[in-house]
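Enquirer: make a model of this:
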Amino acid sequence: MITTVNPKGQVTIPEPLRERYPFPPGTKVVWLERDGDLVPKPLLLVEQLRGRFQGGALTATLLEERARDRQHEDG
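Expert: Next up, the predicted model:
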C-alpha cells in the first residue's frame with residue numbers, strides 16, 4: 001500500500017491496516033526508527049497495559065535477559 005505525506009507532514013493509514021491493527025480514531029502513535037525504517041506503533045495508555053505482565057515467568061525472563069546482556073558485554 002502506498003500513501004502520500006501531505007504538506008502538513010500527515011499520512012493517512014489505509015483502511016485495511018487500520019482494521020487489522022489497533023489504530024482507532026484518536027489513537028496516539030509513536031514512531032520508532034529501526035535500521036533506517038520508520039515503524040508506527042500505537043501508544044498504549046497505562047490502563048491498556050494493566051495486567052500484561054502478570055505471572056512468575058516475567059522474573060525468569062528478566063534474569064535470562066540480564067545473563068545474555070552480561071555475556072554480550074563480556075564479549
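Enquirer: now do the contacts for the residue lying closest to residue 13 once chain neighbours are set aside.
Expert: Sequence neighbours aside, residue 23 is the residue nearest to residue 13 in space, at 5.5 Å (criterion: C-beta to C-beta, 6 or more residues apart in numbering). The way it works is simple: take the backbone N, C-alpha and C, and place the C-beta from them, glycine included. Shown in contact with residue 23 (C-beta atoms under 8 Å, 6 or more residues apart in numbering): 13, 17, 29, 42.
Enquirer: closest to residue 36 out of these?
Expert: Distance to residue 36, by C-beta to C-beta, is smallest for residue 29 among the contacts of residue 23, at 19.0 Å.
Enquirer: what's the average pLDDT for the helix or strand where residue 70 lies?
Expert: Using DSSP states H and E, residue 70 falls within helix 57-74. Throughout helix 57-74, pLDDT has a mean value of 84.
Enquirer: likewise stretch 22-42?
Expert: Mean per-residue pLDDT for stretch 22-42: 88.
Enquirer: residues contacting the residue positioned nearest the centre of the chain?
Expert: By C-alpha atoms, centre = their mean, the chain has its centre lying nearest to residue 41, at 4.3 Å. Contact analysis of residue 41 by C-beta under 8 Å, 6+ apart lists 29-32.
Enquirer: and for the nearest residue to residue 5 once chain neighbours are set aside, the neighbour number?
Expert: Leaving out its chain neighbours, the residue that sits closest to residue 5 by C-beta to C-beta, 6+ apart is residue 11, at 5.5 Å. Residues lying near residue 11 (other C-beta atoms under 10 Å) number 13.
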